[in-house]
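> When you get a sec, could you give me coordinates for this:
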Amino acid sequence: MLYRLALILLLALVAPGAMVAAEGDHDWARIGAEARERGQPVALLVTGPDCGYCERLHREFLDNPAASGTLAAGAITREISRDTGGKITDFDGERIRTRLFLARYDIFATPTLLLLSPEGEPLAPALVGFNGAQAYGELVASRLAHASQNLASGDRPSQALFASGQER
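I've put the predicted structure just below:
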C-alpha cells in the first residue's frame, strides 16, 4: 500500500492532472473548480476492494504514463472506492454521504470510469470494466473526445440516452 501511494504521488508530480489523487481527496467542489478552470472534464474512477480488474487497470494502464497519457492530459482524474464510508464534499459544496454521491451514477460494477462536467453531470457514457490497456485506451480516447465536445458545447446528454447505448 505504501509503495502504491508513493508511486501515485510520483506520477502526480511528473504529469499534470495525473491519474489518481492521494487517498481521501474527495472534495468534489474543489476538483470541479479545478476542472472548470482548466476547461476539462472530471474523470471519476470508481473502484472496489479486492477487485482484480481494478488492480489490472492500475497495473496495465494507470501506472503506465504511455498508456494513460491521453486521460491524464485531457481530464482532472480522481479515484474513489465504492466502499468509501462517511461523508464527502459534493460538487455543489454540500456534505453528502459517499454512498448517495455514488448512487446517482448507477454504478453496477467496478472499475467504472465516469466523465463528468465540473458540476458532476455525465458528459459521456460510463466506461465499465477493463479488458486490456490497448482496448481501454482506445475507449478512453473516444469517450474523452465525446465528453470534451459536450463540455465545450454546453450539452448535457441525459442519463437515459446513455442507458440506451446511444451517444450524441
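> where exactly do the strands run in this protein?
Along the chain, counting by DSSP state E, strands occupy 42-47, 76-81, 87-89, 95-97, 112-116, 127-128.
> Minimum distance to residue 27: which of those has it?
Proximity to residue 27 (CB to CB) singles out strand 87-89 among the strands of the chain, at 4.4 Å. Where you see a C-beta, it was placed from the backbone N, CA and C, and this is true even at glycine.
> who's in contact with that closest one?
Residues from elsewhere that reach strand 87-89 (CB atoms under 8 Å, 6 or more residues apart in numbering): 26, 27, 28, 29, 30, 80, 95, 96, 97, 98, 101.
> could you list every residue that touches the first one?
Contact analysis of residue 26 by CB under 8 Å, 6+ apart lists 78, 80, 84, 88, 89, 98.
> Which residues are in contact with the spatially most central residue of the chain?
The structure's the chain has its C-alpha centroid closest to residue 44; by CA atoms, centre = their mean the separation is 2.0 Å. The neighbours of residue 44, taking CB under 8 Å, 6+ apart as the test, are 77, 78, 79, 80, 105, 113, 114, 115, 116.
> now swap in residue 146 and tell me
115, 123, 124, 125, 167.
> and residue 99, what pLDDT?
At residue 99, the pLDDT value in this model is 93.
> Neighbours of it, how many?
Residue 99: 12 surrounding residues under other CB atoms under 10 Å.
> go on, residue 130?
Neighbour number of residue 130 under other CB under 10 Å is 24.
> swap in the one 3 residues further on?
The local packing of residue 133 (other CB under 10 Å) involves 19 other residues.
> Help me confirm that it comes into contact with residue 63.
No - here residue 133 lies out of contact with residue 63, judged by CB atoms under 8 Å, at a distance of 10.2 Å.
> can you pull the pLDDT of residue 160?
Residue 160 carries a pLDDT value of 46.
> go on, residue 157?
76.
> thinking again about what came up before, neighbour count and distance to residue 37 for the contacts of residue 44 - can I get that in JSON lines?
Output for the contacts of residue 44, formatted as JSON lines (neighbours: other CB atoms under 10 Å; distance: CB to CB, whole Å):
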{"residue": "77", "neighbour count": "24", "distance to residue 37": "15"}
{"residue": "78", "neighbour count": "20", "distance to residue 37": "15"}
{"residue": "79", "neighbour count": "24", "distance to residue 37": "21"}
{"residue": "80", "neighbour count": "22", "distance to residue 37": "21"}
{"residue": "105", "neighbour count": "16", "distance to residue 37": "23"}
{"residue": "113", "neighbour count": "25", "distance to residue 37": "22"}
{"residue": "114", "neighbour count": "23", "distance to residue 37": "20"}
{"residue": "115", "neighbour count": "27", "distance to residue 37": "17"}
{"residue": "116", "neighbour count": "24", "distance to residue 37": "15"}
